Each structure stands twice: as C-alpha cells, then as structure tokens.
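[1] below is the sequence, then the predicted model.
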Amino acid sequence: MDPELSKRAPLPTPSGPPSAKLVDVVEEGGRLYVTVELPGVSAGEIDIRISDSLLDICAERESLAAWLSHNEDHHTGVIVGCSRPLTDTLRMLYEAAASDANVLLCGETGTGKELFARALHEKSARARGSFVAVDCTVLPETLADSLLFGHEKNFFAGADITCAGLIRQARCGTLFLDEVGELSPTLQKAFLRVLQERRFRPTDGHAEVDSDFRLVAATNRDLQRSVARGHFREDLLYRLQSCRIELPALRRRTDDIPPLTDYHVERLCRRYGFPAKQMTPEFIRTLVLYPWPGNVRELISSLEQAVLAAPLEETLFPKHLPQHIRIQVARSALESRRGGGSGTPTGAPAAGCWPRLHDLRSRVFDLAEKQYLAGLVQLTGPDVSQGCRLSGLSRSRLYTLLKKHRITLH
C-alpha cells in the first residue's frame, strides 16, 4: 500500500468496521473495474464501507473548494475539481485572500488566471468592492495613462466625458492586471510608484488621489527571465509577488478532467437548448490521454465543438471530438505500444493505458465514497439527522458530499 495513503488514512482496528482489501484493478474499454474484498460482509449488504478518516480527507478537499461553488464566470464557469494539485492551489488562494498582499498568479495560457483572480476577490474582505480587470496586451500606448489614471472632460481632443480611470474604479476593491509582463517600461514605472506611494496623479495634472485597491497580477511569462533581459523592472516584480501562486496545467490535474467535462457539457447543452448528453468511457479516456497544451480553455472549446457536432444525439463519442485530438491520442498510443516491444505481456494493458497511482487512488476513493453515501441514503432515507449520526458528518458536510455525487434524499 502507498505509504502516503497509509499515513493519511489508517485502516480501522479489528474492533471497528471491517477492512476493505483492494484485490484487483483492470481497465477494459476505457473503464476501470475495481474488485474489493470486504471480510464479513456479503454481496447483498452495502458494497463498500469507508472509514471516517477517509471521509474526513474528502471533506477537507471539498471544504477548500466549497466557497468557490457560487463564484461562476459566464465564460468559464466555476472552478471544478478536487485533484491534489488543484486543492493545493485553492489552499494557497484561500490563505492569500485573508490578507491584503499583492498576488501574482503564474501559469500557462488557458489555466484560468482571471477565474482564480475573481475567486480570490470574492473570498477577500474587498468582495463588496469592484473587480476591475485590465488586459495589458491591449492597452493602447497613447491612451494607457488616461485609461488607468483618469482625465477630465475635454482634457484632450475626443475626451467627451470625464473618465475616472480604472485604478480609481477599483477603489476598495481589486485591480486585476492580466498579462502584466506586457506592460510598457513607462507604465511599469507608473505602477511602481502607485504601489509604493499608494497615491497617483490623474492625467489632467490635478491633485494626487489616494489609491486603495488590492492588486492581483497574472502572467504566462517567466518574469525573472524578463528582468534578466531588461524587459521588466525588478523592483516592480518584487512588489507584485508578495504572494506568488502557480496555477497547475491541466495535464497535471487529469483527475479533474471527468468532472470538468460533466460540468461544461451540461452547461453547453443548456446554452444551446440541446437535450442532456451522456459520454462514453472512450470519450472520457480520449480527453484524459490528451496533453492539453491550451489547458482548460482548450478543453472547453473542444467540448463545445463536440456538443455542436452532435446536436440531437444523446451520447458523445470520440468521433465528435476535434480531429487533431483523436489523431494525437491515437499516435501516442501507437508509439507507446511500439516502445513496449515484446516485453509487454499478452493481454496486459498497453503502457499508454496504464493509470497513474494517484489517478487510480482518486478513482477508487470516489467510487467507494459514492457507494458509501448511496448505501447510507438507502438505509436512512430522508432522515438527515440519522444520516449525520451514523456517518459522523455534519449536516452541511453531508449535503456537500451528496451534491458532489448527485445523490438525492428519498
């Protein structure tokens, strides 16, 4: 047994519930089949019992993401998943939200930097203030000062109205600088002064104005390398990264691909007025095996293409996915088989299909947890108080887990 799992989830003592033994795991047709031996429990009883310590682990992971459940963005939706990389990131985000320090979000394109920034804002003490997002890649150089710091009406030709400026709009709220590495040297200097002095002067030259905002910046660049090349101010970088959070690439959190797929397929079907769709194991398996260079953004785009390719069909198959995804997954599987040569035993899964231990552990855990809760509901019916008493869970935690597995009280 994995030492980490043993440490975090000790087996129950003989006086407690019987110990479940994992006998075998086989992958067939893209689906994992798990055989579990439970001494003293017949097949007619609850399939799998799970110790309170394991439930507590899941509850801990759920609680970290629970406060994000209503933080929905109309483009990308909620932050979905409970993989270890995502959980660790959410924990850091939760801790950062408790302070007023500047935060730098780093990650590849498509990892959801603005979504995480909004989540941080919503959890912070500034949640009632404005969340002002600035895309530094499209700031026009000639108007950047006016857009950021504001100006009075008729200050320059074409200024038909007074502009408060984005920094002033973020007062008592959060200013989000997306792709901060694209800021020009002039604006870098201006922002450094704002962060140091907490004051700025509008473009029209009037009296200085206090700046009370929380800065969250994001980048997909290596800003330390940009500093070495003279493209980014080192003193500004120090100011930006009072707290630095690395957002994990989707290929590092493959456990989250199935729930992400469920969420976005359901959302897209509602958006286009299509009937709800099921997904074959092969469809999910193809998504899990693809490396996703565009991360969650690419996943959402690919799922949208799949949904639009099957408007009236009830089930999504790999054929509905973009062609380049199917080709790359098939090519990788072929190369993996070739690399294995004759050393692969007959009938054994190909190397490209063999699950990672972390993925397997998470799937087995989710399966056991779902079956435990289904058995609990079958035993107690709608009596939530009895369910809490038997499981040792609080009412809110029980509801959270039931919602996660889409189990309804009878």
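    Yep, it's here.
[2] neighbours of residue 379, how many?
    Other residues near residue 379 number 12, with proximity taken as other Cβ atoms under 10 Å. Any C-beta I mention is one placed from the backbone N, CA and C, and that applies to glycine too.
[3] pLDDT value on it, please?
    Listed pLDDT for residue 379 reads 83.
[4] I'd guessed it sits against residue 391; true?
    No: when contacts are counted by Cβ atoms under 8 Å, residue 379 is not listed as touching residue 391 (10.2 Å).
[5] so which elements touch the helix or strand encompassing residue 396?
    Assigned by DSSP states H and E, residue 396 falls within helix 395-404. Applying 3 or more Cβ pairs under 8 Å, 6 or more residues apart in numbering; DSSP states H and E, one finds that helix 395-404 contacts helix 52-66, helix 357-380, helix 384-391.
[6] so residue 218: helix, strand or coil?
    At residue 218, secondary structure determined by DSSP: H, G, I helix; E, B strand; the rest coil is strand.
[7] so residue 111 is in contact with residue 293, correct?
    No: the pair residue 111 / residue 293 is not scored as a contact, 11.3 Å apart, by Cβ under 8 Å.
[8] between those two, which is the more surrounded one?
    Each of residue 111 and residue 293 has its neighbours counted (other Cβ under 10 Å); residue 111 has more, 24 against 13.
[9] pull the contacting residues for the spatially closest residue to the more buried one that is not a sequence neighbour.
    Leaving aside its chain neighbours, residue 111 sits nearest to residue 247 (4.2 Å; criterion: Cβ to Cβ, 6 or more residues apart in numbering). Counting by Cβ atoms under 8 Å, 6 or more residues apart in numbering, residue 247 makes contact with 89, 105, 106, 107, 108, 111, 112, 113, 116.
[10] pLDDT, distance to residue 80 and secondary structure added to those, as a markdown table?
    Shown next, in a markdown table, are these (pLDDT from 0 to 100; distance: Cβ to Cβ, whole Å; DSSP: H, G, I helix; E, B strand; the rest coil):
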| residue | pLDDT | distance to residue 80 | secondary structure |
| --- | --- | --- | --- |
| 89 | 93 | 13 | helix |
| 105 | 97 | 18 | strand |
| 106 | 97 | 21 | strand |
| 107 | 95 | 16 | coil |
| 108 | 96 | 18 | coil |
| 111 | 95 | 13 | coil |
| 112 | 94 | 10 | coil |
| 113 | 96 | 16 | helix |
| 116 | 95 | 13 | helix |
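[11] could I get these as JSON lines with distance to residue 270?
    Listed next are the contacts of residue 247 as JSON lines, based on distance: Cβ to Cβ, whole Å:
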{"residue": "89", "distance to residue 270": "28"}
{"residue": "105", "distance to residue 270": "29"}
{"residue": "106", "distance to residue 270": "33"}
{"residue": "107", "distance to residue 270": "28"}
{"residue": "108", "distance to residue 270": "29"}
{"residue": "111", "distance to residue 270": "25"}
{"residue": "112", "distance to residue 270": "21"}
{"residue": "113", "distance to residue 270": "26"}
{"residue": "116", "distance to residue 270": "24"}
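[12] and the residues you listed, which is closest to residue 182?
    residue 113 (13.4 Å; Cβ to Cβ).
[13] picking up where we left off before, the helix holding residue 396: which residues count as buried?
    By 16 or more other Cβ atoms under 10 Å, the buried positions in helix 395-404 come out as 397, 398, 400, 401, 402, 404.
[14] before we move on, what about stretch 119-134?
    Going by neighbour count (16+ other Cβ under 10 Å), the buried part of stretch 119-134 is 119-124, 126, 129-134.
[15] just these now: which is nearest residue 195?
    Distances from residue 195 to the buried residues of stretch 119-134, taken by Cβ to Cβ, are shortest for residue 134, at 14.4 Å.
[16] which element is that closest one on?
    Per DSSP H and E: strand 131-135 holds residue 134.
[17] sorry, back to before: looking at the helices and strands packed on helix 395-404, which one has the lowest mean pLDDT?
    For those, where the average pLDDT is lowest is helix 52-66, sitting at a mean of 41.
[18] does residue 332 touch residue 288 like I think?
    No: in this structure, residue 332 is not within contact of residue 288 by Cβ under 8 Å, at 11.9 Å.
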